[in-house]
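Chemist: Give me the fold of what follows.
(one chain, ligands or ions: 2)
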Amino acid sequence: QLPDHYNHRLPHRRLQDEPGGESDERHKRLRRDQDVGVTAAVSEHPPFLSTRRHLYERDFPLYKQPVEVGHFSLDAKRRFFNDDRQLRYYIHPDRHPNFHLRDGYRDRYIKRDEGVKEKLDHLLRWILANKSKVQIQAASSQELNVDVVTWRGHLTKLLTTPYETREGWLLAVTRFRGTLYISEVETEADQRSRESRTQRLEEMMYWGYKFEQYICADGAQNRPDPGGVVNTNEAFCTVIQTRLAGHKLLFSGEVDCRDGDPRAPVAPGCYVELKTSAEICTPKQHSNFLRYKLLKWWAQSFLPGVPRIVAGFRDNDGIVVSVDTFHTSKISQLIKSEENCWKPTVCMNFCAEFLSFAKTVATEDDPEVVYLFSWDPNRDVTYSIHRNSQYTFLTDWGDPNRSDIWGNTSLHHAARN
Ligand code: GDP
Ligand code: MG
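Modeler: Ligands and ions are numbered 1, 2, ... in the order given. Purely as a prediction, here's the structure:
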């Protein structure tokens, strides 16, 4: 029987290079000491968090079955709608289809402006429109019944951190009315590489969206329209509630499409993630696929409980040569053949530990204060504190006169009190 990793814990597996006689207690103590940089003189805020893999090799933490509490859509002009108008339907392709991913790149492509930083805006807007679904059920309470609000993509980055060797990250954290809001900040390195992408890379980014267009239709009874325009402003996002160890999470992620069968499970069980990847011709490519690609694919889909990933394998000219389905719950089995491969438990334990770390650090409850967590490969996670800086993201969004999530005062007003 394959564990799906939701709702229950897996038996502890000991590291092979760990002395077998070591007690769990000692193991835990060691882990704590190295893990959050607590020394004899215990500081109020531990200064760093280690990302070393072996520290997170322990039982799989509790991760509750993710529940969809809502969804929203962003249209061709990136306007928010509190509904599922952008949800698309999965249309099963031939196993060896003839998709030309380069088609339309020059003349039927509208690309979202990546220079516009949306931070948590759309998700906050969803919360505003759906307060009753997330607020603590007491008339007087202005608190949300969650510990953490963020994008799924930010959590994916946390999950893969112990295995990431190339790209660091910056995460801005603000505590407001007890809840931590986590929003990514583009690193200078990210901005540089974004602004100096080659033509080839720029085109290859389009291929993923073009693949979606070949596979998705606007209705369960409709056909995909490969002759249409690819517009990357359009999005359908699910809003998920779940719990990781002691952390109640509310996050949103973009969903590519759903199973059109009316008998399919309820969301997120009916959702399908679409991916493209270079075709695999050599053992080395196969190994890299398992070690790097599948880690990212697994983390992204496991978090919101999306059970299926449909992958198009393409050649160097952007022609899809085969299509394969990966079941998210079986990916951890697929990688077992690979020596020294990534482990789901390390990803989840690191993420849980980061959230605990963030909770201890981000103590001041103030929308103007940002705790900026910073990580670079081969380093520890560190942080700095910023008041009313360029990083502030909860006080400057939208119309200051509208009512906010927490009561009838605007965030601007709340910030002044
Ligand atoms: P993912 O898991 O990395 O695909 O990101 P999410 O599903 O968490 O998406 C969160 C929000 O960010 C959605 O509104 C997406 O449309 C948007 N988004 C996704 N990927 C990118 C990206 O590469 N750049 C920018 N600027 N926004 C993105
Ligand atoms: Mg996708």
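
Chemist: Can you give me the buried ones in the longest strand along the chain?
Modeler: The longest strand of the chain (DSSP state E) is strand 235-244. Using 16 or more other CB atoms under 10 Å as the test for burial, strand 235-244 gives 235-244. Just so you know, the C-beta spots here come from the backbone N, C-alpha and C atoms, and that holds for glycine as well.

Chemist: likewise stretch 181-190?
Modeler: Buried residues in stretch 181-190, counted by 16+ other CB under 10 Å: 181-185, 187.

Chemist: Same question for stretch 86-94.
Modeler: 86-91, 93.

Chemist: residue contacts, L170?
Modeler: Counting by CB atoms under 8 Å, 6 or more residues apart in numbering, L170 touches 184-187, 372-375.

Chemist: Then V230?
Modeler: 104, 108-110, 206, 209-210, 213 are the contacts of V230 under CB under 8 Å, 6+ apart.

Chemist: Just among the residues you listed, which is most surrounded?
Modeler: Within the contacts of V230, K210 tops the neighbour count with 26 neighbours, counted by other CB atoms under 10 Å.

Chemist: which ones are touching it?
Modeler: K210 sits next to 99, 101-105, 230, 318 when contact means CB under 8 Å, 6+ apart.

Chemist: R53: neighbour count?
Modeler: 18.

Chemist: Please tell me I have it right and it contacts T161.
Modeler: No: the pair R53 and T161 fails to qualify as a contact (CB atoms under 8 Å) at a distance of 9.9 Å.

Chemist: now check stretch 203-221, is it near ligand 2?
Modeler: No: shown here: stretch 203-221 not in contact with ligand 2 (CB under 5 Å from the ion), separated by at least 6.3 Å.

Chemist: Give me the buried positions along that stretch.
Modeler: 203-204, 206-217.

Chemist: Among the residues you listed, which are located in helices?
Modeler: Among the buried residues of stretch 203-221, the members found in helices (DSSP state H) are 203-204, 206-215.

Chemist: would you turn those into TSV with pLDDT and distance to ligand 1?
Modeler: Converted to TSV, these look like this (pLDDT from 0 to 100; distance: CB to the nearest ligand atom, whole Å):
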residue	pLDDT	distance to ligand 1
E203	98	16
M204	98	14
Y206	98	13
W207	98	14
G208	98	10
Y209	98	11
K210	98	16
F211	98	14
E212	98	12
Q213	98	16
Y214	98	19
I215	98	17
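
Chemist: Closest one to A352 out of the residues you listed, please.
Modeler: Nearest to A352 among those is G208, at 30.0 Å by CB to CB.
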